[in-house]
Each structure stands twice: as C-alpha cells, then as structure tokens.
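Asks: Take this sequence and fold it.
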Amino acid sequence: MSLHIYPDEDTLIHAYAAYLTRHIGEAIVRKGSCNLVLVGGNSPKRVYQLLTKPPYRNAVAWDKVYFFFGDERYVPSDHDRNNARMAQEILLQPLGIDPRKIFRMDTSLPPEETANRYALQIETHFKGTSPSFDLILLGLGDNAHTASLFPGSSVLSTLEPTVLSLYVPEEQEFRITMSAPLINQAQRVSFLVFGVAKALAVHQVIEGDPDIMKYPAQLIQPIHHPVDWYLDTPAAALL
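Replies: Predicted structure coming up:
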C-alpha cells in the first residue's frame, strides 16, 4: 500500500482532488476515456465540490468520463441518503455530465434485482471483458467497513467480481455493493479518510491482525497497483 498523510483536512482534500484529476487524465490519455467509481457518504463532498471549480474542473476532459457507484443505500433515487443523488447535485450536475455516462443503481427494483441489473450494466459497458475500472474511490466506516462490505456479512466471502445485495442489521436497511474481487480488479483504488474518529479503524485495517470478518476493508488488495490511502494526521494518529 501507499500512505499519503497530510497535516489537516483542507490540505488532504486538495491533495486528493489533485490525485483524482491526475489519474483520470492519465486514463483518458491512455485509452480515450476513464471509468470512474464514485464513493458516497459525507467524506467526499468537499472533494466533489473542489472538482467543479478551477483548477480541477479545467484539468480533466469530463465529457470522456463514465461514472459508476461502488455501493448504494436501498432508498429511492430522490432520497436524501441516496449516494447517487448526492453526487448528482454536488458533482455531476455542476460539471454538466451527460446522463448517459452516469450509471446509477436502480433502487426501484427489489434489492437482488437491483444488484443483478447493475452487474449486467457493468458487463455490457465493458463489452463482455473482465471489468477493470480505471479508478475506484472508497471511504472507511468507523467499524472498518468500506463500500457496503460490512463486518460479518455474507458478501465478504464471495470470490466473484460482481455486484451484490445485502441486509445490514445495524443500519436496518438493504445495501447494494460491488464485491471486493470486483473492486480489486481496478487499475487504481484509493481510500479517503479523515478525522480522529476514524483513527482506530485505520489502525485496525492497516496494522491490525488479519480478520476480514471484523475489518472488511482488509479485503481491498488491488491486483494492478498498491492501494492508495489518503489520510489526515488525526486519522493516521494510531499508525
């Protein structure tokens, strides 16, 4: 893995925005487009806001980017907890992204069908080849989950690169998530984590005893490039 530790949240956010635009741009130069997987939750909001403003907005040919989501809460598309709605309002709409290049999970379907439909969309987009996203963004929960790979859940044992549905008792809701094998096929995978509240989880995932059922983020071991951890000093305090 590669650790990138910054003194405070502001410095971290700018560094992460620069990291994203650099690797999105490199993918576009390499093959003419970029397949980007966005992360939900609160952590990326400031990054998304930065990406819509100079210099980051002008650093990428955004019309050549395809946007996907690593996981989704099983709530209506217009719900305030819907990851795709947040990204649409804060990032995608301000950038003027063509809706045909945004791949949202259809939560109007039953959970398992939502997952199966999204897996099929990914397969179709990659024209039947093994899906390998150019860049996947991840966060980390204080219980060491990432995407919707929650401690103790059945999805942690899957060996298939696919999309799955699960019920999360502690959240009292269904979630839809990319599996760890699908995430690990990406060209690059990065975590953005800040704040002292995440320090223990960061320590458990990076330096704790191997235990994927307790610390699911330990499953993230990309094939092509070591995982990038972007942290502020408080989040890295126990390393």
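Asks: OK, contacts around the closest residue to Gly41 other than its chain neighbours?
Replies: Excluding the flanking residues, the one nearest Gly41 by C-beta to C-beta, 6 or more residues apart in numbering is Gly139, at 5.1 Å. Using the backbone N, CA and C atoms, a C-beta is placed for each residue, glycine as well. Listed by C-beta atoms under 8 Å, 6 or more residues apart in numbering, the contact set of Gly139 reads 39-41, 43-44, 146, 191-193.
Asks: what's the distance between Gly139 and Thr129?
Replies: Distance, Gly139 to Thr129, using C-beta to C-beta, to the nearest Å: 28 Å.
Asks: ranges for the strands of this structure?
Replies: For the chain, the strands defined by DSSP state E cover 2-6, 34-38, 65-69, 71-73, 135-138, 163-168, 173-178, 189-193, 228-232.
Asks: Export those to a markdown table and append columns for mean pLDDT and distance to Leu50.
Replies: Shown next, in a markdown table, are those (pLDDT from 0 to 100; distance: least, C-beta to C-beta, whole Å):
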| stretch | mean pLDDT | distance to Leu50 |
| --- | --- | --- |
| strand 2-6 | 98 | 14 |
| strand 34-38 | 98 | 14 |
| strand 65-69 | 98 | 16 |
| strand 71-73 | 98 | 22 |
| strand 135-138 | 98 | 13 |
| strand 163-168 | 98 | 29 |
| strand 173-178 | 97 | 25 |
| strand 189-193 | 98 | 12 |
| strand 228-232 | 98 | 13 |
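Asks: among those strands, which is nearest Ala115?
Replies: strand 163-168 (4.2 Å; C-beta to C-beta).
Asks: any idea of the angle the closest one forms with strand 173-178?
Replies: 150 degrees (axes from the mean of the first three to the mean of the last three C-alpha atoms, to 10 degrees).
Asks: any residues touching strand 163-168, and which ones?
Replies: With C-beta under 8 Å, 6+ apart, strand 163-168 has contacts from 74, 111-112, 114-116, 118-119, 122, 148, 150, 153-155, 158, 173-179, 182.
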